[in-house]
Structure formats: structure tokens, C-alpha cells
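coords please:
(chains A and B)
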There are 2 protein chains.
Amino acid sequence: MASAAGKTVLYSYWRSSCSWRVRIALNLKEIPYEIKPVSLIKAGGEQHSNEYREVNPMEQVPALFIDGVTLIESNSIMHYLEETRTHSRPLLPGDIVKRAKVREICEVITSGIQPLQNLVVLIHVGEEKKNEWAKHWINRGFRAVEKLLGSCAGKYCVGDEITLADCCLIPQVFNARRFHVDLRPFPIILRIDRELETHPAFLAAHPSNQPDCPPEAHK
Amino acid sequence: MASAAGKTVLYSYWRSSCSWRVRIALNLKEIPYEIKPVSLIKAGGEQHSNEYREVNPMEQVPALFIDGVTLIESNSIMHYLEETRTHSRPLLPGDIVKRAKVREICEVITSGIQPLQNLVVLIHVGEEKKNEWAKHWINRGFRAVEKLLGSCAGKYCVGDEITLADCCLIPQVFNARRFHVDLRPFPIILRIDRELETHPAFLAAHPSNQPDCPPEAHK
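Sure thing, here's the model as predicted:
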């Protein structure tokens, strides 16, 4: 589906877990795209500029320009890719209950964890309390994810095929490590993370492989 | 699709906006269900009991027992209803870009607003700051929703048919009023809210019409 609508452009920040989810999905779907970096820290955050607010009124990354339209919100974007790129690798199972399990895991992460340890929220929480705050919400969410995985994981989050749940989980594990969350109580999460850390689509989407990753942050 | 798997049961709290979304969707789809109230305030919150944790490891409402399976997370549940009840009123448009717009609005609310003004988060923010905190995030999200609606709203959030976006918007407007958010800067949101406040499916789902609504809270 190479479109006449121009190149696919992802507005992304190297360390943003929401951008990372979409990078993985684009890679798994083998959709070529250009990265337009939006620095969340430079000059108080380029996402708050008048220009970028026209792209994404939530003043967040990611945003994706594709097929002539601009889309925001990572889960919604991934569903769009799934519904339009039907001939490439599916990222949702065919079975409706399994699809619900995939979406549950996505939603626990995208509504129950990430929004609470988002940079913009941590600024409001304050320097002193931010690490404990982030750890608290990640631990709470990961306890639920580990429990859900106990009844649906195979090689990956839901069965033996990579799904949108894996696109959400791996970036969240990276965030958990940044906030020094003890991951030993979550053996299934850790196993899936190890399984996917060398997968080409996940590796190419990793923060340290982004054009806007600062040299000092490279692995 | 009356199933041999028993009655459909919604674990719900009268004032929970996430439960409310699912109540609206069940009503719109004309799926009969029983409410099993889970008090978020009694004895520190019944959602934290060992028994309920087995139903929903996130220790939140809603959870839905349907077709023999237990589902959690409101957006995921609504997608399940949409994918299994294909002969009743559709809650997602057929057009793929419009579907993305519906999901964007849902996700702005379910990831960008509600998790930040959730009861469990407000307890952590503390009594003194909680109102300002909630107002801040609702205002930020509603500015984005109003902007998105500017290019996709018809009679309802996306075009002239009720969608999942409306199921998410109306409960969030109620929350905004609870926190005394000035809604005058959001004329499209207000218009859609007025449009739907007397719709039978929305009315039946309203907190004041729930079996666990305390008498003193009735309209």
C-alpha cells in the first residue's frame, strides 16, 4: 500500500515508550517510515510548540502521518496499521477471546502504567518523589500483567505469535529498569523480554538505535 | 448470542466512569446483564479483596463475565462486544480512518485523562492538591478532544452515529463537572453531552440509575 499521499512520517522521541510501541509495529509490518524527532526536553519540550500542537493537540509523541492522514495515540495507530496492512504479519490473533487478551495487556500498560510514569506527570509529582511514584505504579501494573500472562502467554504475551501486547510490553520493561524496579517477581515478563530483545524489529526500534539518541546514551 | 455459559455479569461501581463506559456499550448493544456492585470506598475498597483480585488483577472496575470468560479493561471489553455482537448496532464506523478517529478520542480519555484523575491516584496526590490536579489533567485532555472533534464530529463525536468515543466522552464530562472544570471553552463537547443525556442507553447507564447509588446521591 505505497500511497500517493507521500512518505510515512513518525513524530518520535528516542526514549518515549509510546513512540517505541509504534516503531516496533511499523517494523513488524515492514512499513518504511521516516523519523521526525520531537525533543521532549529541549527548550521545555518541542511537543508544546505551536507547530507541533497542530500535529498532535495532546502535545505528545507519537504522531504518524500515513496514507495522507495524521494519526495520534499509540494503540489507535497500531490498530490502524493492523486494519490497513492486512497482507503483512497480523499483530492481533484471529480468535476473538485472544484478541481481547491482547488488548487487555495493551490497556493495562497504556492506561494503567505508562500515563502515571510519563515525563509530564513526573514533573508535576516533583523531583523528590518521582522515583518512588513511578516504581509504585509500574509494580502495581506489572503484578497484573504477570498474572494475566500466566494464563495466556506462550512464547510471547498471547500464544506463540508476536502481537500488539508485545509491542507495549517491551518498552515498559525498559522504563521499569530506568526506575530501578526489581523485576525478579515477574518471571514471565522477563522471559518474554529476553525472547524479544534480539528480534530485528524490536532491536531497530530500541531507543539506542534512534537518530535522536544522544551519543552518551548509546548502549 | 445468548450463551450456555451463564448470565452476563458486570462488576461495576455506580460512579466509576470506566464501568459507565461499558454499561453504555452493553445497553447500546442490547445485551442483558446483571450488575455486581464493587464498592471502591467501603472498607478501603472491595476491589482490593482477595476474591475480587482473582476477577481483576488490576483491582479495578469494571470486569465483565460474558460468554464464559472474564474480561477486564473498558476499551478492550467494548471491542470484544463490538467483535462478537456484529448483528446489533455497530459502535465503530466501517471507514478505517473514522475508526482511527473514534479510537483516538477513546484513548485520549482512557489513557490521557481518566487514569490521572482516578480515585486511587487522587489518594496518592493527597486531599489538599487533588482538585487542582484533577482539573489540570481534565482541562489538558479536553482541549485536545475539542480540537479533534472540530474535524470529525457530526451529531456525535465521529459523524452522525453513536460510537465508542461517545461511550467514553459522556462519563468523562460527568467527572469534569464533579471537579468543577469550566466547560465553556469546550462547546462541541457540551453539545454532544446535551445530545446524549436523554438517550435511553446513556440514561440507564448513568450513576444515579445504578443499584449501588446511595440515596443521597440521586439526582
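
Name the residues of the biggest helix by length in chain A that come out as buried.
Ordering each helix of chain A by length in residues (DSSP state H) puts helix A:130-152 first. Using 16 or more other Cβ atoms under 10 Å in any protein chain shown as the burial criterion, the residues of helix A:130-152 that qualify are A:130-131, A:133-149, A:152. Just so you know, the C-beta spots here come from the backbone N, C-alpha and C atoms, and that holds for glycine as well.

filter those residues by proximity to chain B?
A:133, A:136, A:140-141, A:143-144, A:147-148 (Cβ under 8 Å from any Cβ of the partner chain).

Take those residues and lay them out in CSV including pLDDT.
Below are these laid out as CSV (pLDDT from 0 to 100):
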residue, pLDDT
A:W133, 93
A:H136, 94
A:R140, 96
A:G141, 97
A:R143, 98
A:A144, 98
A:K147, 98
A:L148, 98
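
So which elements touch the least confident helix or strand in chain A by mean pLDDT?
Lowest on mean pLDDT, DSSP states H and E among the helices and strands of chain A sits helix A:119-125, with a mean of 85. Judged by 3 or more Cβ pairs under 8 Å, 6 or more residues apart in numbering or on different chains; DSSP states H and E, the packing partners of helix A:119-125 are helix A:130-152.

From the chain's centroid, how far away is the following helix or strand past the helix it packs on?
Next helix or strand after helix A:130-152 toward the C-terminus (DSSP states H and E): helix A:164-178. In this view, helix A:164-178 has its centroid 7 Å away from the chain centroid, taken as Cα atoms, centre = their mean, to the nearest Å.

quick one: is the helix or strand that helix A:164-178 is followed by near chain B?
If you walk from helix A:164-178 toward the C-terminus, the next helix or strand you reach (DSSP H and E) is helix A:187-196. No: Helix A:187-196 does not reach chain B (Cβ under 8 Å from any Cβ); its nearest approach is 12.9 Å.

Could you count how many residues lie near the nearest residue to A:E195 once chain neighbours are set aside?
Nearest non-adjacent residue to A:E195, counting by Cβ to Cβ, 6 or more residues apart in numbering or on different chains: A:K155, 6.3 Å away. Residues near A:K155, counting by other Cβ atoms under 10 Å in any protein chain shown, number 13.

Could I get the phi/psi values of A:K155?
In terms of degrees, to the nearest 10, the main-chain angles of A:K155 are phi -70, psi -30.

And chain A, what are its domain boundaries?
Residue ranges for the domains of chain A, per automatic domain parsing: A:9-89, A:96-202.

can I get the ones you listed in JSON lines with distance to B:A204?
Below are the domains of chain A laid out as JSON lines (distance: least, Cβ to Cβ, whole Å):
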{"stretch": "domain A:9-89", "distance to B:A204": "28"}
{"stretch": "domain A:96-202", "distance to B:A204": "24"}
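
And the residue nearest to A:E195, how close does it get to A:E146?
Separation of A:K155 from A:E146 (Cβ to Cβ, to the nearest Å) stands at 16 Å.

now A:I41
32 Å.

now swap in A:E46 and tell me
Distance, A:E46 to A:E146, using Cβ to Cβ: 36 Å.

Likewise for A:T84?
Where A:E146 is concerned, A:T84 sits at a distance of 33 Å (Cβ to Cβ).

and what of A:S208?
26 Å.

One more: A:T163?
Distance of A:T163 to A:E146, given as Cβ to Cβ: 17 Å.

can you pull the pLDDT of the closest residue to A:Q172 other than its chain neighbours?
In this structure, A:Q172 finds its nearest non-sequential neighbour in A:I109, 5.1 Å apart by Cβ to Cβ, 6+ apart. Per-residue pLDDT puts A:I109 at 98.

try the one 5 residues further on
According to the per-residue confidence, A:Q114 scores 96 in pLDDT.

surely it meets A:V173?
No: with contacts counted by Cβ atoms under 8 Å, A:Q114 stays clear of A:V173, the gap being 11.9 Å.

follow-up on the earlier one: between the domains of chain A, which one is closest to B:K7.
When these are compared by Cβ to Cβ, domain A:96-202 sits nearest B:K7, at 18.1 Å.

That closest one: how far from the chain's middle?
With Cα atoms, centre = their mean as the basis, domain A:96-202 stands 10 Å off its chain's centre.

Now do the residue nearest to A:Q172 against B:L64, distance only.
Taking Cβ to Cβ, one finds A:I109 at 20 Å from B:L64.

and A:Q210, what is it in contact with?
By Cβ atoms under 8 Å, 6 or more residues apart in numbering or on different chains, the residues touching A:Q210 are A:12, A:14, A:35, A:37.
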